[in-house]
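> sequence first, then the predicted structure:
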Number of protein chains: 2
Amino acid sequence: MSEVTNSPKLQKAIEFIEENELSFRQQLIEFLKIPSVSSDSTRLEAMKEAANWTQSWLDEAGLKTEILPTEGHPVVYGEREGKAGAKTILIYGHYDVQPAVMADGWYQQPFEPTIKNDVVVARGATDDKGQALALLCGLKAAIHAHLANDVNVKVIIEGEEEIGSPNLVPFIREHRDRLSADVVVISDSSQLGPDMPAITYGLRGLQCLEVVLKGPKQDLHSGSYGGAVVNPANVLTRIINACQGPFGKIAIPHFYDKVKELSDEERREINDLPFEDSEFQKEVGAPAISGEEGYSTLERKWTRPTFDVNGLVSGHTGEGVKTVLPSEARAKFSMRLVPDQDPEEIRQLTEEFILSILPEGVTAEFIPEHGARPVVTSRETEEFAASLRAIEKGFGKKPVLIREGGSIPVVNTFKEELGIDSLLIGLGLPDDGAHGPNEKFSLIDFKRGMITFSALLEELSQE
Amino acid sequence: MSEVTNSPKLQKAIEFIEENELSFRQQLIEFLKIPSVSSDSTRLEAMKEAANWTQSWLDEAGLKTEILPTEGHPVVYGEREGKAGAKTILIYGHYDVQPAVMADGWYQQPFEPTIKNDVVVARGATDDKGQALALLCGLKAAIHAHLANDVNVKVIIEGEEEIGSPNLVPFIREHRDRLSADVVVISDSSQLGPDMPAITYGLRGLQCLEVVLKGPKQDLHSGSYGGAVVNPANVLTRIINACQGPFGKIAIPHFYDKVKELSDEERREINDLPFEDSEFQKEVGAPAISGEEGYSTLERKWTRPTFDVNGLVSGHTGEGVKTVLPSEARAKFSMRLVPDQDPEEIRQLTEEFILSILPEGVTAEFIPEHGARPVVTSRETEEFAASLRAIEKGFGKKPVLIREGGSIPVVNTFKEELGIDSLLIGLGLPDDGAHGPNEKFSLIDFKRGMITFSALLEELSQE
């Protein structure tokens, strides 16, 4: 149990949160109803609606707001000034979500949120509308309880996180002065498990790539032509297989050159965390779990690079048989990266390798997708210590220190462009199903997240 | 040029064909408009319509007809008795077609036939509505010219060829007596090239299979889970690749055990045929043509087994990025077989091999699809000789003897169940695009096919 006691001001913020809990839940439902899929060009209206909704919410909470355009979807900006000389906290979140269609296995319409047993189910529930709104509600409570007077608060909620934030770097460069801050707070990740609050100090990087192989100018009869014409779908399996090595390794030459091995101490820390392979297997529902030889499940998820096919498509994918030799075959894949791998270098190595093994008879085209550098943040800063105390107040439990397998490219962007570290306070759960069907978010954690952020603002006022 | 002269009766049949040419073309257009896709359960009405259309046509031509039910789509049957003791010729064709959607690359609606420069474009144009109707029009002309009195003619036009004729064997067994004949005539293949009429004495066999790999119970975030959970799409590329060997070989153990090598004489014959790799490459529109080392293009197409992926599907196949680790991955593939490979044995070898290399973490399910034995027919029969002369009359040119890469499983069925050889008189062209988009058929060859069949009936009367 927690050993910390709450100040009267924080107590007041918590009361405000409890009084407004139903209304905050209702606001989350409204936000989740907007199908703001940033990668879908038919969803432009919903993207605008989500940005406007966010701005209105911040207006109502008492921030000075603006919708700032980018080359793509706009960024919602808000700010509230505290005392002169106070610390500045920048909240980052995103109002865009991953695609979602019933055919992916949803039990309900992804944009018609439902609540059952204090859990909300909808696309964006945990990634990131629910988590971002928790911080904002915590801010609102802190304002109400006069906890936020000794800090400056800035908020950016962007609309392109799920497509790799292609316009965030130019945006941050353009608004460098306006965005200056002491620390960034991001809730777009997970606890270690239920009632295991955590702060995330490491993230994997990412390089996505799509390869399109083209052979004959149109689909051919596999009887009349098979054997005499190179089949792009056959070749696709060959080149994707060649990228994979045995025992969970990746076989692209020089792929591991810059991978730093963990220190013995960090390995020990990670493997001391309360984590059961059997529970994990139950959570993913696979017949067995497996990965790179010589590493534990948490090491594989958090600290080792991957090569994962995200999508394959070629030829006849519908009902029944169609004995064609396809004209074209496509694979989308994502490579998760760890320090000190560089996404751009990995992309080049991958493309060069595929081209080097491509047989005659097909051509390859690459569609480069977004990349993100891996990041490990310092655990020694004052802000990091403050966040540990705030999480303990919000969740009633000391947090554990974890890494995450996913990528939050903006963490790197803030570090590189503005020199600011991020505090990654994950409010979600590992099985929330971000990016999958039936994405969910606990409304208990929604509330805990609000209290945590109120507490953090108080902690940072005291520094 | 042809050295044969036509009899007055055949001349009369040719005149009838020429008088009715426009009307026959119109009938073909009507037939092609019916979207009789046998593999598509939403096309049941069209399947019925195509069967009825065929029956009416045969009625009108003077045959005694019946629609004979099967467990699936029915068979249209027709017969016409000649003199007692006359030979019996059984025409086989099919009224069903392959699936066709605009997205496959059609320049026009696949079931709205167009004619340009004496070529008709529509799904089913060459496979098999155009070719089957050519035989039937030739029969009609022969009846008109009293060429068909000294033969018995039976016709079966089935509706399940494109799904592997699953009910044809029980059908033939049930109607064994009624279907007894001296020879089967089938036009469901190709000439060697434009103005290179041919008779086909060999066909490859076929075994189709679909493999479904399942891993986690639902799609997972490739960041949060990647590396610690086996990815079914990665594994799919691995197992499909493992089935392929280097240099165009197939690596499934024992796959080649029963493959008979060609005689030197047959290899010489095949490689003496007028065939240009450069023309072939132009026809398929691939950046290069390639295949099993040590064999020519025609040998590869006609006489060597293949392993061709027909379709791949897994994970995110739409626009943009979705960094999922897919729950499931599917591959459909077809293996073309040559004497003396057995489809059922090949299916077993393939499944056993895949299971033997399947890593833990995924399960495999196989959906067995249709198989067909390879077949090489005798070139020494009276009927074979008659067909050579008839083709020369129809096309004004001696035919070449060829094999075909595709499978016409019924050829085997007729041989095994009824003991009858088939004459495969291909009226199509290699680039007609059967099974692909913009399928076409030359209306010049449509007419030549009619004359050929009238002539064949006369030839067989004279035996």
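Good, I have the coordinates. Numbers count the residues shown, from 1 in each chain, chains lettered A, B, ... in the order given.
> what packs against the helix or strand bottoming out on mean pLDDT in chain A?
Here the helix or strand of chain A ranked lowest by mean pLDDT, DSSP states H and E is helix A:409-413, holding a mean of 86. Using 3 or more CB pairs under 8 Å, 6 or more residues apart in numbering or on different chains; DSSP states H and E, the elements in contact with helix A:409-413 are helix A:168-174, strand A:183-186, strand A:363-372, strand A:422-426. For every residue, glycine as well, the C-beta is placed using N, CA and C.
> ok, the nearest residue to A:Ser461 once chain neighbours are set aside - contacts?
Excluding its sequence neighbours, the residue lying closest to A:Ser461 (CB to CB, 6 or more residues apart in numbering or on different chains) is A:Asp150, at 3.5 Å. A:Asp150 sits next to A:Gly82, A:Lys83, A:Ala86, A:Ser461, A:Gln462 when contact means CB atoms under 8 Å, 6 or more residues apart in numbering or on different chains.
> thought A:Ser407 was touching A:Thr200?
No. Checked against CB atoms under 8 Å, the pair A:Ser407 and A:Thr200 is beyond contact range at 11.7 Å.
> buried subset of the contacts of A:Asp150?
Buried subset of those (neighbour count, 16 or more other CB atoms under 10 Å in any protein chain shown): A:Gly82, A:Ala86, A:Ser461.
> can you put the residues you listed in a markdown table and add pLDDT?
Output for those, formatted as a markdown table (pLDDT from 0 to 100):
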| residue | pLDDT |
| --- | --- |
| A:Gly82 | 91 |
| A:Ala86 | 94 |
| A:Ser461 | 91 |
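> take those residues and keep only those in helices.
Of the positions in the buried ones among the contacts of A:Asp150, A:Ser461 sit in helices, assigned by DSSP state H.
> just name the closest of the buried ones among the contacts of A:Asp150 to chain B, please.
Ranked by distance to chain B (CB to the nearest CB), the buried ones among the contacts of A:Asp150 are led by A:Ser461 at 33.5 Å.
> now do the contacts for that closest one.
A:Gly82, A:Ala86, A:Lys87, A:Leu147, A:Ala148, A:Asn149, A:Asp150, A:Val151.
> need the max-distance pair from these.
Based on CB to CB, the longest span within the contacts of A:Ser461 runs between A:Lys87 and A:Leu147 and measures 13.1 Å.
> tell me how far the least confident helix or strand of chain A lies from the chain's centre.
11 Å (CA atoms, centre = their mean, to the nearest Å).
> dump it to PDB, restricted to CA.
The C-alpha atoms that make up helix A:409-413 are tabulated as PDB, following Å, rounded to 0.1, in the frame of the first residue of the first chain:
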ATOM      1  CA  PRO A 409       8.400   8.600 -32.000                       C
ATOM      2  CA  VAL A 410       7.600  12.000 -30.400                       C
ATOM      3  CA  VAL A 411       9.600  11.200 -27.400                       C
ATOM      4  CA  ASN A 412      12.600  11.200 -29.600                       C
ATOM      5  CA  THR A 413      11.400  14.300 -31.400                       C
END
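> give me the residues contacting it.
Counting by CB under 8 Å, 6+ apart, A:92, A:158, A:161, A:164-165, A:168-169, A:172, A:184, A:186, A:203, A:205-206, A:370-373, A:375, A:377, A:422, A:424 sit against helix A:409-413.
> and chain B, which of those contact it?
Restricting the contacts of helix A:409-413 to those near chain B by CB under 8 Å from any CB of the partner chain leaves A:Gly164, A:Leu206, A:His370.
> in ChimeraX, select just the buried ones from the residues you listed.
Remark: buried members of these, expressed as a ChimeraX selection using 16+ other CB under 10 Å:
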select /A:164,206,370
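> as CSV, the ones next to chain B among the contacts of helix A:409-413 with pLDDT would be great.
Output for those, formatted as CSV (pLDDT from 0 to 100):
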residue, pLDDT
A:Gly164, 83
A:Leu206, 94
A:His370, 74
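> got TSV for the ones next to chain B among the contacts of helix A:409-413, with distance to B:Leu28 too?
Shown next, in TSV, are those (distance: CB to CB, whole Å):
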residue	distance to B:Leu28
A:Gly164	53
A:Leu206	56
A:His370	53
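> closest to A:Gln108 among the ones next to chain B among the contacts of helix A:409-413?
Nearest to A:Gln108 among those is A:Gly164, at 28.2 Å by CB to CB.
> how close does A:Asp219 get to chain B?
4 Å (CB to the nearest CB, to the nearest Å).
> same check, this time on A:Ile252
From A:Ile252 across to chain B, the span is 13 Å (CB to the nearest CB).
> same check on A:Tyr256?
13 Å.
> so that residue belongs to a strand, correct?
No. Using DSSP: H, G, I helix; E, B strand; the rest coil, the assignment for A:Tyr256 is coil, not a strand.
> can you give me the pLDDT of A:Val119?
For A:Val119, the model assigns a pLDDT of 98.
> how many neighbouring residues does it have?
Neighbour count for A:Val119, taken as other CB atoms under 10 Å in any protein chain shown: 17.
> pretty sure A:Glu160 sits against A:Glu71.
No. Assessed by CB under 8 Å, A:Glu160 is found out of contact with A:Glu71, at 9.5 Å.
> just the strands in the stretch 1-150 of chain A please.
In the stretch 1-150 of chain A, the segments counted as strands under DSSP state E, counting those that start in this stretch are A:64-68, A:75-80, A:87-94, A:114-116, A:119-121.
> go through the ones you listed and name the closest to B:Gly428.
strand A:119-121 (54.7 Å).
> what residues does that closest one touch?
A:25, A:28-29, A:32, A:107-108, A:113-115, A:130, A:438-443, A:446.
> next one: stretch A:246-261
Stretch A:246-261 is contacted from outside by A:242-245, A:290-293, A:300, A:304-307, A:335, A:338-342, A:345-346, A:349-350, A:353, B:227, using CB under 8 Å, 6+ apart.
> for that stretch, buried residues please.
Within stretch A:246-261, the residues that qualify as buried are A:Gly248, A:Lys249, A:Ile250, A:Ile252, A:Phe255, A:Lys258, counting by 16+ other CB under 10 Å.
> and that stretch, end to end?
19 Å (CA to CA, to the nearest Å).
> show me how far it is from its chain's centre.
Distance, stretch centre to chain centre, for stretch A:246-261: 24 Å (CA atoms, centre = their mean).
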